[in-house]
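*Asks:* A predicted structure for the sequence below; I have some questions about it.
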Amino acid sequence: MITITCSNKTFKNIRAVIFDKDGTLEDSRSFLRELAQRRSRLVDAQIPGIGEPLLMAFGVMDATLDPKGLMAVGSRRENEIAMAAYIAETGRSWSESLEIARKAVIEADRHLKRTPETVPLCAGGLEILQQFSAAGLKLGILSSDSTEGVKNFIERHHLSSYFQLAMGVKPNGLMKPDPQLFRDACAALGVEPAETLMVGDSSLDMQMAQEGGAAGAIGICWDGGVLKESDCAIARLLELHII
């Protein structure tokens with residue numbers, strides 16, 4: 001059993017730590033902003049005038065990405081449905097709207113590829129994984145991305161030796177903040193929720209962990225903000241310490 005501290009909080013008897021991916025382990029802000037812009041342009045090319053409202057829905061304002069916005073925390077399916085809702089307001093049928101959104105997402109993904117250069121690890125990410133792994137903690141990822149996307153992240157950054165769990169969401173399955181997702185992740189790791197910390201950058205992560213019975217929900221805010229829903233707020237991963 002491990003004791004972990006952050007800020008003025010101490011979490012005892014910890015056996016596992018589960019991380020969110022985008023915005024927590026992977027610095028995807030610039031990539032996601034560019035992806036949202038490309039998706040919006042593709043739809044706007046078919047339906048002029050819809051691009052700007054779509055960007056606002058995604059949480060993209062000028063050159064910034066809202067870390068609490070749809071693009072940052074929503075699953076691929078949730079993004080497609082949101083896009084389709086805006087498209088449907090122009091008079092298209094729901095099935096046509098969904099198809100336009102789906103094709104825009106596929107086309108944008110085809111042109112923008114995640115690489116270690118375009119989407120690097122967040123500062124301190126590798127170091128904290130090395131420390132936690134060396135201490136004997138079980139480590140997992142629970143993301144709103146697909147499981148395939150999580151596995152690709154691990155492979156892309158050569159992190160397979162650190163993680164015992166790579167878990168994403170299914171298109172029609174449970175979504176964050178459903179606490180059953182967290183409980184399922186703990187079960188897959190062979191630990192109890194009360195022995196597990198959740199580290200994430202959104203209120204959905206915090207709510208999911210707390211309602212799922214986690215030992216603690218640690219919120220990371222790179223811009224210096226604070227996740228009020230968290231049990232402990234940090235500005236960088238290396239603020240987590242093993243004692």
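*Replies:* Yep, that arrived. Here the structure is a predicted model, which means the values were calculated and not measured. Residues are numbered from 1 along each chain as shown.

*Asks:* tell me which element the closest residue to residue 83 other than its chain neighbours falls in.
*Replies:* Closest residue to residue 83 apart from its sequence neighbours, by Cβ to Cβ, 6 or more residues apart in numbering: residue 101 at 3.8 Å. No exception for glycine: its C-beta is placed from N, CA and C like everyone else's. In the assignment (DSSP states H and E), residue 101 maps to helix 94-111.

*Asks:* for that helix, buried residues please.
*Replies:* Of the residues in helix 94-111, 97, 98, 100, 101, 104, 105, 108 count as buried by neighbour count, 16 or more other Cβ atoms under 10 Å.

*Asks:* what of stretch 61-75?
*Replies:* Of all the residues in stretch 61-75, those buried under the rule 16+ other Cβ under 10 Å are 65, 66, 67, 69, 70, 71, 72, 73, 74, 75.

*Asks:* what's the last one in contact with, if anything?
*Replies:* Taking Cβ atoms under 8 Å, 6 or more residues apart in numbering, we find residue 75 in contact with 144, 145, 169, 171, 175.

*Asks:* distance of it from residue 148?
*Replies:* For residue 75, the distance to residue 148 equals 13 Å [Cβ to Cβ, to the nearest Å].

*Asks:* what's the answer for the third one, then?
*Replies:* Here the distance between residue 67 and residue 148 works out to 24 Å (Cβ to Cβ).

*Asks:* helices along the chain, start to end?
*Replies:* Shown for the chain, the helices assigned by DSSP state H span residues 29-46, 51-58, 70-73, 76-88, 94-111, 125-134, 147-156, 179-189, 203-211.

*Asks:* so what secondary structure elements neighbour the first one?
*Replies:* Contacts defined by 3 or more Cβ pairs under 8 Å, 6 or more residues apart in numbering; DSSP states H and E place helix 29-46 against helix 51-58, strand 60-61, strand 64-65, helix 70-73, helix 76-88, helix 94-111.

*Asks:* same thing with the shortest one?
*Replies:* In this structure, helix 70-73 makes packing contacts with helix 29-46, helix 51-58, helix 76-88, judged by 3+ Cβ pairs under 8 Å, 6+ apart.

*Asks:* so can I have TSV of the buried residues of stretch 61-75 showing pLDDT and distance to residue 196?
*Replies:* Output for the buried residues of stretch 61-75, formatted as TSV (pLDDT from 0 to 100; distance: Cβ to Cβ, whole Å):
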residue	pLDDT	distance to residue 196
65	86	29
66	85	28
67	79	23
69	85	27
70	89	27
71	89	28
72	85	23
73	83	21
74	85	24
75	85	22
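
*Asks:* residue farthest from the centroid of this structure?
*Replies:* Here the centre of the chain is the reference, and by Cα atoms, centre = their mean the most remote residue is residue 91, at 32.7 Å.

*Asks:* quick one: that one from residue 229, how far?
*Replies:* With distances taken as Cβ to Cβ, residue 91 is found 39 Å from residue 229.

*Asks:* pull the number of nearby residues for residue 161.
*Replies:* 9 (other Cβ atoms under 10 Å).

*Asks:* can you pull the contacts of it?
*Replies:* Listed by Cβ under 8 Å, 6+ apart, the contact set of residue 161 reads residue 133.

*Asks:* cool, the one 4 residues further on as well?
*Replies:* Applying Cβ under 8 Å, 6+ apart, one finds that residue 165 lies in contact with 18, 138, 139, 140, 141, 142, 185, 188, 189.
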